[in-house]
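Chemist: how does the following fold in three dimensions:
(4 chains)
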There are 2 protein chains.
Amino acid sequence: MPYPKRRPGSTTTIRDVAEESGFSATTVSIVLNNAPLARYIPAPTKTRIQDAAKKLGYRPNIFAKSLRSKRNHTVGVMVFDITDPYCTLILRGIENALYQASFLPMLTDAHNDRNRFERYLEMLLERRVEGLIIIANWVLIDINLLADLEKSGIPTVIIGRELESKSISSVTVDDEGGAYAALAHLYGLGHRKIAFVCGPKGLMSSRKRWKGIQRFAHDTKLELDPKLIRDLPDRLSPHLGAEDAYQMTEELLQQKRPFTALMAYDDMTALNAMRALTTAGVKVPAQCSVIGFDDIATSALFVPSLTTVRQPMEAMGAAGVNVILEGINARAENKQFAAAQRKLPSEVVPRESTRQVPQS
Amino acid sequence: MPYPKRRPGSTTTIRDVAEESGFSATTVSIVLNNAPLARYIPAPTKTRIQDAAKKLGYRPNIFAKSLRSKRNHTVGVMVFDITDPYCTLILRGIENALYQASFLPMLTDAHNDRNRFERYLEMLLERRVEGLIIIANWVLIDINLLADLEKSGIPTVIIGRELESKSISSVTVDDEGGAYAALAHLYGLGHRKIAFVCGPKGLMSSRKRWKGIQRFAHDTKLELDPKLIRDLPDRLSPHLGAEDAYQMTEELLQQKRPFTALMAYDDMTALNAMRALTTAGVKVPAQCSVIGFDDIATSALFVPSLTTVRQPMEAMGAAGVNVILEGINARAENKQFAAAQRKLPSEVVPRESTRQVPQS
DNA sequence: TAATTATATAGAATCGTTTCAATAAAATGA
DNA sequence: TCATTTTATTGAAACGATTCTATATAATTA
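Modeler: Residues are numbered from 1 along each chain as shown, chains lettered A, B, ... in the order given. Predicted coordinates for the structure are as follows:
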């Protein structure tokens, strides 16, 4: 009995298959992985090995495989708040693109908390994920997280935020163009007195959208009334933002400075603005049109449904995956790869909340 | 030069730390893992090893670790549609509970598709996740998936659906009690003529909720008008359900059979029912109260905000994690463990959409 | 003092793959 | 026919940790 009989409790290994088929573990490995050398192996041998593997229900041990190959076909995905509807569609896009490539995501949620972010980052690196996708939102921890990331050297992409880094990729939507188009939409409906609830100054996307607004105003000589412009504060907690939007809309109304349309930083802001308007007795869209940005799921369900600028969230998720997949492949072949900065177009989705300005 | 100098390109291994500290790899391992034998190792040795590890930035190779220990501190999480707001809060609960235990989730989304479910299941087993959490929804693939699961022998829990299996755990909400309480809420507000848009008969939760309704009606001698009861069809696609709910509410209205309240199978149904009511000119809650079930995020934001029965989703996610963690621990110690069936209580959340029945 | 136990460390085996290097037979070319 | 190439297969060496077993000294007990 030269080979030890395989112990009943243990799982079947490649050596069991070798013994069963009458070939060596090497040959089994070559056949089952269809390695280059497999072209020297005659068909009958192949079938015998495959049959043996099937018969024993052989499932290669992924730990051993990973140990050799240093790969695990896994990427880390970090969100800052999975409760945020903005996230889930991006997640869908990520998931779908990873599925195509037979990768699986490790999902982590930083809860908008810096410590948790760092702990999770550590856990992901410890597990040697092959890539990292970060979905930025609202509050993104500041820049020194980059230090940790860059030195780790794993392909990383941030979705939803532009970065000046040369080693971290990013996928963003065309904020400026989207805001430009949104304002153009309102303008096209005849609106001239327009109120704005802009995002926090600290956010790049907020600045970009404002830039788009200004550019449109400049292009068409539309006058922007400074009294009708509010900025959301730079807050740590995103859900407080909802209340802020509500309050600011109330403030805008209390000024008694008439406006026929309101453009909000994003959909959550717009939704809360609508609530404030409705509560104050201002009918949307009859008396005031409202436009948002993002097109989160709720926006279509709302009454009235919200006109908004759609971010192609699934596409952004997919783009993020493709960017890091390129990085991962380059890495596997020891090639150099450069970080990519992708910008995707957005599109105005007209719904019930905007309407032709009433004749006066 | 007895030891080969460590190659510059490669990562630092335990042997590098051994060489640097002047001890053997064995000792390094014992110290760094604080293994039982560590109590024989004097403090100075320990610090020298720890310093060396820190100096070299040693990070143990998790693949090698897993190969020995057969563990990876990872669980598979399967959802059927991450876009479904019902999922995300449960996911939050899962994520949070796993974080406490230093586990990480592999997230998969079956897209309500059976093939995808099976492919993902295969991928998760291949990766040897230590446990499996399935968030059932709306349409859950039928029972023969159990065969695959049971034979794999990994601890599994299904959240949101009761199962007759003895080897698969489940976490559910008290559907019957919740529906009972919801109807009691309407009854308490004086409603007697109540319409129902029930869930698909095929769903256990749907049947349970209906049972709660019947029990309440029986207890209080409330009469249920069969003409005011509709069942959502058993569909494959969950989003079609939204349109169904809208239509059924229209049908209920067209009958001209008065009702002062409508109880919906779940929040999505309720939201669409409200849309239909509003569109038809029926004011909610002035003319008709509406109550849902689930308490998804959108419900609080809606105008009017939706009264509903809250499922403790985060708690359900956490409970699911705890169940499989017990299974995983039992397994690690080669103990037997029995599947657990947990049922969590629900609670009525009164909001704007329900109101005292108008005097007539 | 001798026998025993506790302390401190290391060598080698193991986990299950993949792959390098070796070998032998068969097919080809000169 | 002999040298070379192609085909077919394998033993052994990685991959990087943990742990079993062995060993040597120091401390304790009889």
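Chemist: OK, contacts around A:Ile159?
Modeler: Contacts of A:Ile159 were listed using Cβ atoms under 8 Å, 6 or more residues apart in numbering or on different chains, and they are A:Ile90, A:Ile133, A:Ile134, A:Ile135, A:Ala136, A:Ser170, A:Val171, A:Thr172, A:Met316, A:Gly317, A:Ala319, A:Gly320. No exception for glycine: its C-beta is placed from N, CA and C like everyone else's.
Chemist: again, only this time at 10 Å
Modeler: Going by Cβ atoms under 10 Å, 6 or more residues apart in numbering or on different chains, A:Ile159 touches A:77, A:79, A:87, A:90, A:93-94, A:133-137, A:169-173, A:313, A:316-317, A:319-321, A:323, A:342.
Chemist: ok, and which of the residues you listed reach chain B?
Modeler: Restricting the contacts of A:Ile159 to those near chain B by Cβ under 10 Å from any Cβ of the partner chain leaves A:Val77, A:Val79, A:Cys87, A:Ile94.
Chemist: which ones among the residues you listed are found in strands?
Modeler: A:Val77, A:Val79 (DSSP state E).
Chemist: the ones next to chain B among the contacts of A:Ile159 into TSV, with extra columns for pLDDT and neighbour count?
Modeler: Formatted as TSV, the ones next to chain B among the contacts of A:Ile159 follow (pLDDT from 0 to 100; neighbours: other Cβ atoms under 10 Å in any protein chain shown):
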residue	pLDDT	neighbour count
A:Val77	98	27
A:Val79	95	26
A:Cys87	89	25
A:Ile94	98	32
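Chemist: may I ask you to name the longest helix in chain A?
Modeler: Longest helix of chain A, by residue count under DSSP state H: helix A:313-332.
Chemist: what mean pLDDT does that helix have?
Modeler: Here helix A:313-332 scores 96 as its mean pLDDT.
Chemist: one more: stretch A:131-149?
Modeler: Averaging pLDDT residue by residue across stretch A:131-149 gives 72.
Chemist: next one: stretch A:173-188
Modeler: For stretch A:173-188, the mean per-residue pLDDT is 97.
Chemist: export that stretch as PDB, just CAs?
Modeler: The C-alpha trace of stretch A:173-188 is given here as PDB (Å, rounded to 0.1, in the frame of the first residue of the first chain):
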ATOM      1  CA  VAL A 173     -20.200  62.300 -13.400                       C
ATOM      2  CA  ASP A 174     -20.100  65.400 -15.400                       C
ATOM      3  CA  ASP A 175     -21.300  67.700 -12.600                       C
ATOM      4  CA  GLU A 176     -20.800  70.900 -14.400                       C
ATOM      5  CA  GLY A 177     -22.500  69.800 -17.600                       C
ATOM      6  CA  GLY A 178     -25.300  68.300 -15.700                       C
ATOM      7  CA  ALA A 179     -26.000  71.400 -13.700                       C
ATOM      8  CA  TYR A 180     -25.700  73.400 -16.900                       C
ATOM      9  CA  ALA A 181     -28.400  71.200 -18.500                       C
ATOM     10  CA  ALA A 182     -30.600  71.300 -15.500                       C
ATOM     11  CA  LEU A 183     -30.600  75.100 -15.500                       C
ATOM     12  CA  ALA A 184     -31.100  75.100 -19.300                       C
ATOM     13  CA  HIS A 185     -34.200  72.900 -18.700                       C
ATOM     14  CA  LEU A 186     -35.700  75.400 -16.300                       C
ATOM     15  CA  TYR A 187     -34.800  78.300 -18.500                       C
ATOM     16  CA  GLY A 188     -36.400  76.500 -21.400                       C
END
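Chemist: show me the helices in the stretch 151-300 of chain A, by range?
Modeler: Assigned by DSSP state H, counting those that start in this stretch, the helices in the stretch 151-300 of chain A fall at A:175-188, A:204-220, A:240-254, A:267-279, A:297-301.
Chemist: run through the helices of the stretch 1-150 of chain A in chain order.
Modeler: A:14-21, A:25-33, A:43-56, A:62-69, A:85-100, A:114-126, A:145-152.
Chemist: out of those helices, deepest packed?
Modeler: Most buried of the helices of the stretch 1-150 of chain A by mean neighbour count (mean count of other Cβ atoms under 10 Å in any protein chain shown) is helix A:85-100; its value is a mean of 22.
Chemist: starting at the chain centroid, how far to it?
Modeler: 7 Å (Cα atoms, centre = their mean, to the nearest Å).
Chemist: can you pull the residues of the stretch 51-200 of chain A lying near DNA strand C?
Modeler: Contact residues, the stretch 51-200 of chain A versus DNA strand C (Cβ under 7 Å from any atom of the strand): A:Tyr58, A:Arg59, A:Pro60, A:Asn61, A:Phe63, A:Ala64, A:Lys65, A:Leu67, A:Arg68, A:Ser69.
Chemist: ok, and of these, which contact chain B?
Modeler: For chain B, the contacts drawn from these by Cβ under 10 Å from any Cβ are A:Arg59, A:Pro60, A:Asn61, A:Phe63, A:Ala64, A:Lys65, A:Leu67, A:Arg68, A:Ser69.
Chemist: pLDDT score for A:Ala242?
Modeler: pLDDT recorded at A:Ala242 is 76.
Chemist: also the one 5 residues further on?
Modeler: Per-residue confidence (pLDDT) for A:Gln247: 93.
Chemist: in chain A, what secondary structure element scores lowest on mean pLDDT?
Modeler: Ranking every helix and strand in chain A by mean pLDDT, DSSP states H and E puts helix A:145-152 at the bottom, with a mean of 66.
Chemist: perfect, that will be all.
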